[in-house]
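> Fold the stuff below for me.
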Amino acid sequence: MNQWHLLVDYNRICHEWTMNDDPTEVHRRLAQQCPFVLSMPSVQCSPKIINDKLDEKFESSHREATFSNITWKENLPTIKNLVRAGFFYAGIDNAVACFYCNGSLSPHK
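Have a look, this model is predicted:
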């Protein structure tokens, strides 16, 4: 099991990831005010872009492309599920970030 941290608004919340974890549900639970989370089908709210420098990550294909040059560990949630949950590869280790709220998940070593 890998332990990851979610960093949103300077708060640190720990979560132990397994392959079976759903990144969408984790994102919903730990970043409830993220506009991307609020725009998901089960939550009724219009999304607002709060970080325009991350606009290019709006398209899921752009987020998925950020994972193209890394080796993703098998015991982590799938890249497809992370992308569906609004995350892109942050460029360090196996860290990912939300393109709306910029909350990041990073492996705890």
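
> Check the gap between Asp22 and Ser61 for me.
According to CB to CB, to the nearest Å, Asp22 stands 21 Å off from Ser61. For every residue, glycine as well, the C-beta is placed using N, CA and C.

> More neighbours: the two, which one.
Per other CB atoms under 10 Å, whichever of Asp22 and Ser61 has more neighbours is Asp22, with 12 against 7.

> hang on, that one packs against Leu82?
No. Assessed by CB atoms under 8 Å, Asp22 is found out of contact with Leu82, at 10.2 Å.

> For this structure, which segments count as strands?
2-8, 11-17, 87-89, 96-98, 104-108 (DSSP state E).

> tell me the mean pLDDT for the top helix by length along the chain?
The residue-count maximum for a helix in the chain (DSSP state H) belongs to helix 23-30. Averaged across helix 23-30, pLDDT comes to 78.

> That helix - contacts with which helices or strands?
strand 2-8, strand 11-17, helix 35-38, helix 79-84 (3 or more CB pairs under 8 Å, 6 or more residues apart in numbering; DSSP states H and E).

> low-confidence ranges in the chain?
1-19, 42-57, 107-109 (pLDDT under 70).

> picking up where we left off before, buried sites along the longest helix of the chain?
Across helix 23-30, burial judged by 16 or more other CB atoms under 10 Å covers 23-24, 26-28, 30.
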